[in-house]
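# my questions are about this predicted structure, shown below with the sequence.
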Amino acid sequence: DLWITPAAPGPAPRGIATTGSSIMNLPWSYAGAPALTVPADRSAGGLPLGLQITAAPGADEYLIARGAGIEGAVAG
């Protein structure tokens with residue numbers, strides 16, 4: 001019912017000049033599927049790593065409800 005993938009090809013960039021690569025989100029955006037990212041870990045350099053959770057188109061509320069539980073399970 002949910003797809004779980006990396007949120008980005010690497011950790012978040014330093015600073016606020018960019019949000020980083022959106023390549024991992026593009027397929028879901030084109031498909032009209034809702035996606036959210038939860039914090040999963042930190043890189044060796046201390047930068048955040050995210051886990052992207054995606055549901056079927058129209059399942060936004062289901063995704064949000066499940067996202068909180070998944071975040072709690074993976075957050076360290």
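Now that the structure is in, tell me what you want to look at.

# okay, buried residues for the helix or strand containing residue 68 please.
Element membership of residue 68, judged by DSSP states H and E, is helix 60-74. Going by neighbour count (16 or more other CB atoms under 10 Å), the buried part of helix 60-74 is 63, 66, 67, 70, 71. In short, each C-beta sits where N, CA and C put it, glycine included.

# give the other helices and strands that that helix contacts.
Applying 3 or more CB pairs under 8 Å, 6 or more residues apart in numbering; DSSP states H and E, we find helix 60-74 packed against strand 2-6, strand 35-42, strand 48-55.

# can I get that helix as PDB, trimmed to CA atoms?
Presented in PDB, the C-alpha positions along helix 60-74 are these (Å, rounded to 0.1, in the frame of the first residue of the first chain):
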ATOM      1  CA  ASP A  60      -3.200  11.500   0.900                       C
ATOM      2  CA  GLU A  61      -4.900  11.100   4.300                       C
ATOM      3  CA  TYR A  62      -3.800   7.400   4.500                       C
ATOM      4  CA  LEU A  63      -0.200   8.400   3.700                       C
ATOM      5  CA  ILE A  64      -0.100  11.100   6.400                       C
ATOM      6  CA  ALA A  65      -1.600   8.800   9.000                       C
ATOM      7  CA  ARG A  66       0.900   6.100   8.300                       C
ATOM      8  CA  GLY A  67       3.800   8.500   7.900                       C
ATOM      9  CA  ALA A  68       3.800   9.400  11.600                       C
ATOM     10  CA  GLY A  69       4.100   5.800  12.600                       C
ATOM     11  CA  ILE A  70       6.900   5.100  10.100                       C
ATOM     12  CA  GLU A  71       8.800   8.200  11.300                       C
ATOM     13  CA  GLY A  72       8.500   7.000  14.900                       C
ATOM     14  CA  ALA A  73       9.900   3.600  13.900                       C
ATOM     15  CA  VAL A  74      12.900   4.900  11.900                       C
END
